[in-house]
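J.: Test case, fold it:
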Amino acid sequence: PFSALVWIVTAWFLLSLPLTIAGTILGRNWSGAAKFPCRVNSLPRQIPVHRWYTHPATIIAITGWLPFGSIFIEMYFIFTSFWNYKFYYVYGFMLLMYVILIIVSVCVTIVATYVLLNAEDYRWPWISFLASGSTSVYVFLYSVYYFAVKTNMSGFLQTAYYFSYMGLFCLALGLMCGTIGAAAARIFVRKIFNNLHVD
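T.: Now for the predicted structure:
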């Protein structure tokens, strides 16, 4: 109905828009000027030719394997409880797998950032986000395998339902892992450049 549409637009103008503007102003004023641990050149350097294992696409593809390898057995039980309506009782073990996923994502992202910096590639922020976030791509590929082999779903509606939910789950997992990995890489880069003494 028209009244619901008017209500939504009014709520957006009175709530969302002012909060967005206030958040932008507060964010800019609180962040202040960037404090880099060492001197930064205003002109970006030319990145040397990469070897195959230091190419960003290779690093992103490889670094998703280890975090996925640490959780893929537990993913079977989670998928079974969700899609085959079995009960899932071991929440403590799932919490342990979550902690292991975070630790492995942090370690792998730090190693990937170190490899990039050794290859004189300064584009580490987005690559570190995508490197640990690529775990979700492997989880989605595993969900395709699980759909084809372990479920009895058929038809357009069931397929669309399954893959839309798995797509949302993998998107959330990728954002979570990518954020954790990028934050860890940022802390790592600040630490190593704080220890760098240039006269």
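
J.: can we go C-alpha only for contacts and neighbour counts from here?
T.: Fine.

J.: how about low-confidence regions in this structure?
T.: Applying pLDDT under 70 to the chain picks out residues 32-34, 36-37, 197-199.

J.: Could you pull out the helices in it for me?
T.: With DSSP state H as the criterion, the chain has helices at 2-11, 17-31, 56-63, 65-83, 91-118, 124-133, 135-149, 156-194.

J.: Out of those, flag the one nearest residue 46.
T.: helix 91-118 (13.3 Å; C-alpha to C-alpha).

J.: what's the closest one packed up against?
T.: helix 56-63, helix 65-83, helix 124-133, helix 156-194 (3 or more C-alpha pairs under 8 Å, 6 or more residues apart in numbering; DSSP states H and E).

J.: buried sites along stretch 125-132?
T.: 125, 127-132 (16 or more other C-alpha atoms under 10 Å).

J.: Need the residue closest to the centroid of this structure.
T.: For the chain, the residue nearest the mean C-alpha position is residue 178 (2.1 Å; C-alpha atoms, centre = their mean).

J.: Now for the closest residue to residue 122 other than its chain neighbours, how many residues are close by?
T.: With sequence-adjacent residues excluded and distances taken as C-alpha to C-alpha, 6 or more residues apart in numbering, residue 122 is closest to residue 116, at 7.3 Å. Neighbours of residue 116 under the rule other C-alpha atoms under 10 Å: 22.

J.: Tell me who's in contact with residue 116.
T.: 54, 56, 122-124 (C-alpha atoms under 8 Å, 6 or more residues apart in numbering).

J.: Name the nearest of these relative to residue 136.
T.: residue 56 (17.4 Å).
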